[in-house]
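**Student:** Build me a model from this:
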Amino acid sequence: MVKNITAAQLADKIDTDEQFTLIDTRPEDSFEAWHVLDAKNVPYDPTKGLSENQLNEMTGLVEGRPVVAICGKGLTSAPFAFELEEHGYADVEVVTGGMEEWSKLYEAVPIETTNDDLVLRQVQRRAKGCLGYVVGSKRAGEAVVVDGTRQTDRFKVAAQDAGLSIARVLDTHVHADHISGSPALADEVGVPYHLGDTASERGVEYEYEPLSDGEVIEIGDVEIEALHTPGHTSEMMNYLVDGTFLLTGDTLFVDSVGRTELQFGEDDASYGAELLYDSIHETILNLPDDTTILPGHLTVTSDGRYENGSPGELLAARLGDLRDELDFLGLDRNAFIERLTEDAPEKPPNYETVIAINTGKETVDDESEATELELGPNNCAA
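**Tutor:** Sure, this is the predicted structure:
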């Protein structure tokens, strides 16, 4: 009998190394752009059904294991599963909501601190690799959300589970790879939304309260200092929490640095690289070696692989370790600029539209359209 499972149940199967065959029934181009780890592609058209070649292919792919079927929203995987059942496959499950639901899967990871008042959560968007944060004070019972994504309820739950109410919402910058949920979250809970003060130069049309370089937000006994770190974007802010944790957005990752041409363009990418070099060497690397770097992304490839870290585990690095191990940080100014501008990776899909949405110039109200805009790896690292 065909059964339905949730995206979270699929994640549990993967994380526990359960033996099954995951079949993605979307067209080949959609599959190649983005799919779940170890999925196999068998494009399926319900009006045509399974061909003899596809049935023969299934025999080789399945090898007697249970089958889990997934597609974009569940529209082709369900009839695919029923047809498999007709052909004698007894153990078939369908992921309800398909890749659209997979894209909404999150884990909230607690971060250990030495300050009894400080609460920190890293909110991981599993399929996309986006990392947002809940920063709070137990004494005040309040929190700041940093880099919220469009599934705003995940951040509300993360704050609520920590016994905190959201008092402010911050973005590190205008994101290019995913639709920010921060303005919507701030509006939903009726609190201020913040960007760096130079965001005005990018024509941001959302209502926001600007933060200037060195400005401090206090939540109970917890201080959050805004540090202007242009390079990936002109308005980029890093947020230094309690003098110990640096939320770096897309400035510095655990394995790379932010690319510069998404805002500045190919012709001015070197200007962005100059800004980024200065931000790293004059601001970030002036912090103590024991500073914990908490980036805005981890790397998830188009085929669902984590290139650093594991789902549900904290992604962070000690600044001193990055200083010694990350080759970008050992380059001189000219070599750094050359490295960033000579061989830029593929741009995030639809990044110009995503930027337009995140500056308020365009809107997207349809969930399916928003999911399509965010397809593919984040690609904000150099």
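**Student:** for stretch 142-153, which positions count as buried?
**Tutor:** Judged by neighbour count (16 or more other CB atoms under 10 Å), stretch 142-153 contains these buried residues: 142-152. The way it works is simple: take the backbone N, C-alpha and C, and place the C-beta from them, glycine included.
**Student:** Span of it from start to end?
**Tutor:** The separation between the terminal residues of stretch 142-153, taken as CA to CA, to the nearest Å, is 17 Å.
**Student:** just to revisit the earlier point, just flag the most distant two among the buried residues of stretch 142-153.
**Tutor:** Every pair in the buried residues of stretch 142-153 was compared (CB to CB); the two farthest apart turn out to be Glu142 and Arg150, at 23.0 Å.
**Student:** Mind listing what's buried along stretch 333-350?
**Tutor:** In stretch 333-350, residues buried by neighbour count (16+ other CB under 10 Å) are 336-337, 340-341, 347-350.
**Student:** just stretch 261-278 next, same as before
**Tutor:** Neighbour count says stretch 261-278 has 261-264, 269-277 buried, by 16+ other CB under 10 Å.
**Student:** Flag the shaky bits of the stretch 1-150 of the chain, pLDDT-wise.
**Tutor:** Under the criterion pLDDT under 70, no range of the stretch 1-150 of the chain is flagged.
**Student:** all strands of it, in order?
**Tutor:** All strands of the stretch 1-150 of the chain, identified by DSSP state E, counting those that start in this stretch, fall at 3-5, 21-24, 40-41, 67-70, 92-95, 106-110, 118-125, 130-137, 142-146.
**Student:** I'd like these as a markdown table, with distance to Ile219 appended.
**Tutor:** Supplementary listing: the strands of the stretch 1-150 of the chain in a markdown table, determined by distance: least, CB to CB, whole Å:
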| stretch | distance to Ile219 |
| --- | --- |
| strand 3-5 | 39 |
| strand 21-24 | 42 |
| strand 40-41 | 47 |
| strand 67-70 | 40 |
| strand 92-95 | 39 |
| strand 106-110 | 17 |
| strand 118-125 | 9 |
| strand 130-137 | 4 |
| strand 142-146 | 5 |
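**Student:** now for these, which one comes closest to Phe80?
**Tutor:** Using CB to CB as the criterion, the shortest distance between Phe80 and the strands of the stretch 1-150 of the chain is 5.3 Å, found for strand 67-70.
**Student:** Name the strands paired with the closest one and say parallel or antiparallel.
**Tutor:** For strand 67-70, the paired strands and their directions (DSSP bridges) read strand 21-24 (parallel), strand 92-95 (parallel).
**Student:** just to revisit the earlier point, out of the buried residues of stretch 261-278, who's nearest Glu372?
**Tutor:** Comparing the buried residues of stretch 261-278 against Glu372 with CB to CB places Leu262 closest, at 19.2 Å.
**Student:** Next one: that closest one from Asp161, what distance?
**Tutor:** 34 Å (CB to CB, to the nearest Å).
**Student:** Likewise for Ala176?
**Tutor:** 30 Å.
**Student:** between those two, who's got more neighbours?
**Tutor:** Taking neighbours as other CB atoms under 10 Å, Ala176 and Asp161 compare with Ala176 leading, 23 against 12.
**Student:** can you confirm that one is in a strand?
**Tutor:** No: under DSSP: H, G, I helix; E, B strand; the rest coil, Ala176 sits outside any strand and is assigned coil.
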